[in-house]
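**Student:** Got a predicted structure here, sequence first:
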Amino acid sequence: METKWSLRLIRLAAIFGLLGAILGSHMAGSGSYQFRPIHAHILVVGWLTIFAWGIFYRVYKVKSSKLVAAHGWTAVIGSIGLTAGMWLNALKPFDINETFSLVFYIVGGTVLLISFGLFIITTFMIDTKEDK
């Protein structure tokens, strides 16, 4: 289970890394820093945090596969929800309803907070037995 989630999270992190680099390149080229908070969250949450969680699952065996899956899904949903919700709320593209974009942003951030909480629990559920 950890190997599957490790690869999923690292692949998602790579996508976030590319999006963050593209956004940074766009800001530099245009001279506009309107996307700065979104760019920062894409890189810190999407690239760094998701990548670190992927590496954690590559290194450690966790005693509960259900906990790994719960953390993995909340990480995916929360990171995408937070960053997409932040973009929708801050820039208001496509004439999306303001209440919808705010709720999307809040729900994404809340799911990400739950993911961080689950990760804390996960760190205490690692299998410390060494193979001999």
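**Tutor:** It's in. Residues are numbered from 1 along each chain as shown.

**Student:** Can you pull out the low-pLDDT segments for the protein?
**Tutor:** 130-132 (pLDDT under 70).

**Student:** How about the contacts made by the residue nearest to the spatial centre of it?
**Tutor:** Against the mean C-alpha coordinate of the chain, by CA atoms, centre = their mean, the closest residue is residue 79 at 3.0 Å. The contact partners of residue 79, by CB atoms under 8 Å, 6 or more residues apart in numbering, come to 12, 16, 45, 46, 49, 50, 112, 115. Yep, even glycine has a C-beta here, placed from its N, CA and C like the rest.

**Student:** Please identify which pair of those residues lies farthest apart.
**Tutor:** Between any two of the contacts of residue 79, the greatest separation by CB to CB is 14.3 Å, found for 16 and 115.

**Student:** What about the contacts of residue 79, which one has the most neighbours?
**Tutor:** Neighbour counts for the contacts of residue 79 (other CB atoms under 10 Å) peak at residue 50, which has 28 neighbours.

**Student:** Which residue, other than its chain neighbours, is closest to that one?
**Tutor:** residue 13 (4.1 Å; CB to CB, 6 or more residues apart in numbering).

**Student:** what's the spacing between that neighbour and residue 45?
**Tutor:** From residue 13 across to residue 45, the span is 10 Å (CB to CB, to the nearest Å).

**Student:** Name the residues of the longest helix that the chain contains that are buried.
**Tutor:** Looking across the chain with DSSP state H, the single longest helix is helix 2-30. Neighbour-count burial for helix 2-30 flags 2, 5-6, 8-10, 12-13, 16-17, 19-20, 23-24, 27 (criterion: 16 or more other CB atoms under 10 Å).
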